[in-house]
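Asks: I'd like to go over a predicted model; first the sequence, then the structure.
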Amino acid sequence: MQYTHLGRSGLSVSRLCLGTMNFGPKTEEADAHAIMDSAREAGINFFDTANVYGWDKKGWTEEIVGRWFAKGGGRREDTVIATKLYGSMSERPNDTFLSALNIRQALDASLTRLQTDHIDLYQFHHIDRNTPWEEIWQAMEVAVQQGKIIYNGSSNFAGWHIARAQEAAQRRNFNGLVSEQSIYNLINRAVELEVIPAAQQYGLGLLPWSPLQGGLLGGVLKKTEQGGRSTEGRAKEELETHRDALVQYEDYADEIGIAPGILGLAWLLHQPAVTAPIVGPRIQAQLDDALKALDTELDAEMLAKLDTIFPGHRTAPEDYAW
């Protein structure tokens with residue numbers, strides 16, 4: 001396994017992060033525990049979850065991870081656990097967003113579900129436009145002093161949100177954010193405009209979610225032709241929108257002998273701002289494929305070819321001005 005520091009912090013994390021969103025709703029608990037054991041054996045020490053995961057049964061996924069920790073054998077000690085807060089957990093008006101009250105309540109509830117005394121990376125799942133950063137950081141400072149969290153991260157922030165958060169933290173002599181979790185893949189490269197430059201300026205590690213754009217970069221065309229996958233609704237519309245590029249992409253993957261899903265992950269691992277793509281396997285085979293990306297080297301010619309198929313962005317404003 002390859003390891004790197006999470007942003008400017010001294011925390012060492014694996015170059016792949018195990019996403020747990022499917023655990024519970026799509027993956028039975030026994031299978032989820034087996035996948036986590038397999039990830040740990042492969043050297044993945046970085047797991048990501050959220051308090052809302054489980055969806056219809058919010059908190060379910062954290063409970064599954066917590067019962068895995070409770071098995072002992074060094075599972076908790078070997079794991080850098082990241083979770084998130086923001087989404088509503090009940091109908092109570094203060095059971096959502098990033099107020100100091102909800103931070104305290106949500107943190108304690110996640111600690112209980114995860115069966116641990118601290119969270120290594122506590123992330124804001126979305127920007128809260130109605131709570132001042134002074135309130136948010138004060139609540140986080142208390143949690144750090146209590147030993148309940150160690151690092152803070154953001155998710156789905158714009159570049160200027162990162163800047164505001166970090167400037168507010170610096171005024172308080174607080175460490176602030178060490179990571180940003182954004183959607184980023186060959187198809188969706190919008191973060192290259194302003195989020196990545198902001199993250200790099202402030203020393204945040206980038207954790208891409210949906211690294212294969214919901215499976216579109218995993219060889220969806222051939223799987224559909226072979227009857228192994230069906231698309232409908234929004235997924236079908238997105239497939240049709242990107243069909244021409246996906247044809248080129250899958251043909252190029254065949255040409256260079258790299259499976260499309262592995263190629264998409266390998267491309268992310270070659271991006272200098274990326275700390276660890278978040279892979280969310282439903283089954284063991286998907287984790288096995290993801291691990292292959294770690295040993296997949298892409299040369300300059302390959303990277304340039306992928307840029308012609310899926311053009312990216314230059315930093316703003318040069319991308320659209322001068």
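Replies: Structure's in. What do you need?
Asks: which stretches of the stretch 101-250 of the chain have low pLDDT?
Replies: 227-234 (pLDDT under 70).
Asks: just list the residues touching the nearest residue to residue 311 once chain neighbours are set aside, thanks.
Replies: Spatially, and ignoring its direct neighbours in sequence, residue 311 is nearest to residue 189 (8.0 Å; Cβ to Cβ, 6 or more residues apart in numbering). Where you see a C-beta, it was placed from the backbone N, CA and C, and this is true even at glycine. Residues counted as contacts of residue 189 (Cβ atoms under 8 Å, 6 or more residues apart in numbering) are 310-313.
Asks: ditto for residue 242
Replies: Taking Cβ under 8 Å, 6+ apart, we find residue 242 in contact with 187, 216.
Asks: state the pLDDT value of the nearest residue to residue 209 once chain neighbours are set aside.
Replies: Counting by Cβ to Cβ, 6+ apart, residue 209 lies nearest to residue 278, which is 4.8 Å off, once chain neighbours are set aside. pLDDT, residue 278: 98.
Asks: residue 278: what's it in contact with?
Replies: Neighbours of residue 278 in contact, by Cβ under 8 Å, 6+ apart: 17-19, 48, 181, 207-209, 211.
Asks: go with 10 Å
Replies: Residues near residue 278 by Cβ atoms under 10 Å, 6 or more residues apart in numbering: 16-21, 46-48, 82, 181, 184, 207-211.
Asks: bridging residues for it?
Replies: residue 17 (DSSP bridges).
Asks: one more: residue 151?
Replies: Residue 151 forms beta bridges with residue 121, as assigned by DSSP bridges.
Asks: against residue 194, how distant is it?
Replies: Computed as Cβ to Cβ, to the nearest Å, the residue 151 to residue 194 distance reads 23 Å.
Asks: between the two, point out the one with more neighbours.
Replies: More neighbours surround residue 151 than the other of residue 151 and residue 194, with 23 against 20 (other Cβ atoms under 10 Å).
Asks: that one and residue 143 touch, don't they?
Replies: No: between residue 151 and residue 143 there is no contact under Cβ atoms under 10 Å: 11.0 Å.
Asks: so what's in contact with those two at the same time?
Replies: Taking Cβ under 10 Å, 6+ apart as the contact rule, residue 151 and residue 143 both touch 119, 122.
Asks: now the residue nearest to residue 311. Its backbone dihedrals?
Replies: Main-chain dihedrals, residue 189, degrees, to the nearest 10: phi -120, psi 20.
Asks: cool, residue 284 as well?
Replies: phi -60, psi -40.
Asks: neighbours of it, how many?
Replies: 14.
Asks: also residue 305?
Replies: Other residues within reach of residue 305, judged by other Cβ under 10 Å, total 16.
Asks: what sits closest to it if chain neighbours are left out?
Replies: Spatial nearest neighbour of residue 305, excluding adjacent residues (Cβ to Cβ, 6+ apart): residue 252 at 6.2 Å.
Asks: return the member of the contacts of residue 189 nearest to residue 175.
Replies: Residue 175 has its nearest neighbour among these in residue 313, at 29.2 Å by Cβ to Cβ.
Asks: then that closest one would be within a strand, right?
Replies: No: per DSSP: H, G, I helix; E, B strand; the rest coil, residue 313 lies outside any strand segment and is coil.
Asks: residues contacting it?
Replies: By Cβ under 10 Å, 6+ apart, the contact list for residue 313 reads 189-194, 196, 319-320.
Asks: please report how far the residue nearest to residue 209 lies from residue 205.
Replies: 12 Å.
Asks: I'd guessed residue 29 sits against residue 71; true?
Replies: No: applying Cβ under 10 Å as the test, residue 29 and residue 71 come out as separate, 11.8 Å apart.
Asks: those two: which is more packed in?
Replies: Neighbours of residue 29 and residue 71, each counted by other Cβ under 10 Å, are more numerous for residue 29; the result is 15 against 12.
Asks: let me see the confidence value for the more buried one.
Replies: For residue 29, the pLDDT comes out at 98.
Asks: quick one, phi psi at residue 73?
Replies: Per-residue torsions, residue 73: phi 70, psi 20 (degrees, to the nearest 10).
Asks: OK, contacts around it?
Replies: Residue 73 makes contact with 37, 40, according to Cβ under 10 Å, 6+ apart.
Asks: nearest spatial neighbour of residue 117, chain-adjacent residues omitted?
Replies: Nearest one to residue 117, counting by Cβ to Cβ, 6+ apart, is residue 111 at 6.7 Å.
Asks: now the one you found: how far from residue 36?
Replies: For residue 111 relative to residue 36 (Cβ to Cβ), the value is 19 Å.
Asks: and what of residue 164?
Replies: Using Cβ to Cβ, residue 164 is found at 36 Å from residue 36.
Asks: of those two, which one has the most company?
Replies: Neighbour totals were compared for residue 164 and residue 36, and residue 36 leads with 23 against 14 (other Cβ under 10 Å).
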